[in-house]
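Student: sequence and predicted structure below; questions after.
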Amino acid sequence: MFCFSACSVRAEQKSLTSQFDTIDALISQSQINDAIKLLKKTEKKAYDSWSYIGIYKRYNSVGESELAEKILKKALKKNGNNLELNAVYVNFLLHNDRVELAEKTGQKLKGTRYGSLYSEAALKIALKTDFASPEAKQEFFRQEDFYNVYYEAYTGTRNPVWIRNCAVFQLANGLFANAAALCPGVYADLDDAYFWSLVLYDGSHFYDAVNASNVAVAYFKDYPEQASNKASLVKLYALQSDAYMAVSDMESAEAARQQIIINIDNLKEKKGDNELLPLIFVNSAIYANNQENKDSCADLLFYSVNRWPDFVPALILYADFAYESNLQREEDSEILALRRSGIKTLEMERYDSRRKIPLSDAMYRLDACLNRTKDPYLYVEKLDLRYKTDKSLSEQDKRTDLWKLLEDTYSEDEKYKTLLIQYAISYLLKTKQDEDAYNLYCKYINEHLKINPKEDFWDQIASKVQQIDLGITEAGAYFALKANRINEAIRMYEYIVFESGGILEDGEISMYSTTSACMNLADIYFSYGTRNKALNLYGKAAGRESRNRIRSDIYYRIANVYVSDGDIKNALRSADYAVSIFPENERAVLLRNKLQK
């Protein structure tokens, strides 16, 4: 019986195929009526989904929509869960603008390889909705139900717009890693590559972000007509710089910025570029200064303050450079003797011919910007510059002036008040007035956090660390250490170092963390027995720091960790490297010499 049945099926297939060939021949000869008659006879021989679909296809091709739909309904009545039949019927309904029924029928296609048909129906219905405003329309299409609609639209069409919509959903929910995981790896055009470079950056896939931005740069150069207002060379290289900085590759970050700086006169700026350009120049100025390249630093700062006279970070750096460049170093008796005899070494000539920025020019620019912007950072910078340059002010005069200013700030802007308190705490600590600094810190914390006197002071601070300015928090960690509140100090430092940037990847250092906070936390780790955590954090801090003096100090501390373990080989290697990058590091020199004996 089995063999007989199989032979029967093959005979039916052969017979049906033969009839389809005859019908196709009639259609090609425009004998439509004869073709329809034969199709109706053929309906009786349909035995599976594909034969029904074959009949539907031919009815549809000769314009017999009613008969085409009728045969599909008949087939679905027999096998309502067949994906192919449902997909063909939904497609038929969509082409005939019967989207409500298409959406209802297409429910069975969700999550299958035909899901894009359901997505099309759902989107067409959504687009018929009347919205009160463009904002209401945007909010409507951000509903969670649309995520799968967009995803299935992408799987069916491979149109990059749909998968970008899915990524935006994940980003909006703070799921940056999930958004990055959606990246297709192949980019359709300039805007597509730029979009994914941003997503990958937010997802902490920094090298992938650089690769995507390089693809965007190539599109930009090869197909300039594709360029929109979304992407520009400035934005792309700025993103590369930030990505390299995030992985502590300062040299590559500077190389990315230089792509803009050296071509600044030939750039065709786009919307948003003027907000990034001053940041690029200032970051490069900081890098140059940290590398002791004073001439380059001065050039970059001078360009910045002239082109963007109200860009506060540039003005502050310009004023600091002016002060530092006018300081005279202390010279030993040998150099002084050479000067008296009218002789100069090459090093002395380099020092004497160093670039200087007049303090009067820096002060003039600060005052001019203050008059225009009233920026609180400039008030603090001007105060600091006055304290450092006005020789008529004694330490007592400065202290009295500072306390008067602090009293006056209680009626001032909160931002200015916080900045001034932060500056005052730093100043008091530098001048060995620790008790006054601590009292000022406590006063600020009590007012800012509404401290409950019945509960432990440091416990409350540690639990509310997110509400405190980072500069104040770093000072608080220092005071907590002095009070032997180690756990609370660690909590404050860990918030600054790992959490303040908002990206909570394990071990990822925040962009807002200072190197000093990293070093202090690593010191605590080492002191309290978590050696591996200390070494890891020291290494990351050294990688993100471009000042050789500071990097040398970090490697000196790494050497001490190895010494405590009895690992003389690695200790000597670290101490030797500390000396090689900053020979004036006397502690590193002494340790290296001791280890070499």
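Tutor: Yes, it's here.
Student: which residues of the stretch 101-250 of the chain fall in strands?
Tutor: For the stretch 101-250 of the chain, no strands are identified by DSSP state E, counting those that start in this stretch.
Student: what about it, any weak spots by pLDDT?
Tutor: Where the stretch 101-250 of the chain drops to pLDDT under 70, the residues are 227, 229.
Student: could you list the low-pLDDT ranges of the chain?
Tutor: For the chain (pLDDT under 70), the answer is 1-14, 227, 229, 409-413, 503-505.
Student: remind me which helix or strand the closest residue to residue 238 other than its chain neighbours belongs to.
Tutor: Distance criterion C-beta to C-beta, 6 or more residues apart in numbering; nearest residue to residue 238, sequence neighbours excluded, is residue 276 at 4.7 Å. All C-beta atoms are positioned from the backbone trio N, CA, C, and that covers glycine. Assigning secondary structure by DSSP states H and E places residue 276 in helix 273-290.
Student: restrict stretch 183-194 to CA atoms and write it as PDB.
Tutor: The C-alpha coordinates for stretch 183-194 follow below in PDB (Å, rounded to 0.1, in the frame of the first residue of the first chain):
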ATOM      1  CA  CYS A 183      26.000  46.200  14.800                       C
ATOM      2  CA  PRO A 184      25.900  44.500  11.400                       C
ATOM      3  CA  GLY A 185      29.600  45.000  10.900                       C
ATOM      4  CA  VAL A 186      29.000  46.100   7.300                       C
ATOM      5  CA  TYR A 187      28.000  49.700   6.700                       C
ATOM      6  CA  ALA A 188      25.700  50.800   3.900                       C
ATOM      7  CA  ASP A 189      26.900  54.400   3.600                       C
ATOM      8  CA  LEU A 190      28.500  57.300   5.500                       C
ATOM      9  CA  ASP A 191      25.600  58.000   7.900                       C
ATOM     10  CA  ASP A 192      25.300  54.300   8.700                       C
ATOM     11  CA  ALA A 193      29.000  53.900   9.500                       C
ATOM     12  CA  TYR A 194      28.900  57.100  11.600                       C
END
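Student: buried set for it?
Tutor: Neighbour-count burial for stretch 183-194, counted by 16 or more other C-beta atoms under 10 Å, picks out 183, 187, 189-194.
Student: please apply the same query to stretch 213-231.
Tutor: Under 16+ other C-beta under 10 Å, the buried positions of stretch 213-231 are 213, 215-217, 219-220, 227, 231.
Student: now do the same contact list for the residue lying closest to residue 279 once chain neighbours are set aside.
Tutor: Leaving aside its sequence neighbours, residue 279 sits nearest to residue 238 (C-beta to C-beta, 6+ apart; 7.2 Å). The contact partners of residue 238, by C-beta atoms under 8 Å, 6 or more residues apart in numbering, come to 256-257, 260, 276, 279-280.
Student: residue 172 against residue 144, yeah?
Tutor: No: Residue 172 is not in contact with residue 144 according to C-beta atoms under 8 Å; the separation is 10.1 Å.
Student: for residue 179, which non-adjacent residue is spatially closest?
Tutor: Nearest non-adjacent residue to residue 179 (C-beta to C-beta, 6+ apart): residue 170, at 3.7 Å.
Student: helix or strand right after the helix holding residue 276?
Tutor: Next element after helix 273-290 (DSSP H and E): helix 294-307.
Student: name the residues of that following helix that are buried.
Tutor: 294, 296-305.
Student: and stretch 98-116, by the same measure?
Tutor: Per 16+ other C-beta under 10 Å, stretch 98-116 contains these buried residues: 98-99, 102-103, 105-106, 108-109, 114-116.
Student: now go through those residues and say which are in helices.
Tutor: 99, 102-103, 105, 115-116 (DSSP state H).
Student: for these, which one is nearest residue 507?
Tutor: residue 115 (38.9 Å; C-beta to C-beta).
Student: how far does the helix holding residue 276 sit from the chain's center?
Tutor: 17 Å (C-alpha atoms, centre = their mean, to the nearest Å).
Student: next: stretch 200-212.
Tutor: 8 Å.
Student: just the residues contacting it, thanks.
Tutor: 171, 176-177, 179-181, 183, 187, 193-194, 196-198, 239-240, 242-244, 246-247, 503, 505, 508.
Student: next one: residue 450 from residue 191, what distance?
Tutor: Distance from residue 450 to residue 191, counting by C-beta to C-beta, to the nearest Å: 48 Å.
Student: ok, then the element right after the one helix or strand residue 26 maps to?
Tutor: Using DSSP H and E, the element containing residue 26 is helix 2-28. Per DSSP H and E, the first helix or strand lying C-terminal to helix 2-28 is helix 32-43.
Student: before we move on, back to that, what's the most distant pair in the ones in helices among the buried residues of stretch 98-116?
Tutor: 99 and 115 (16.0 Å).
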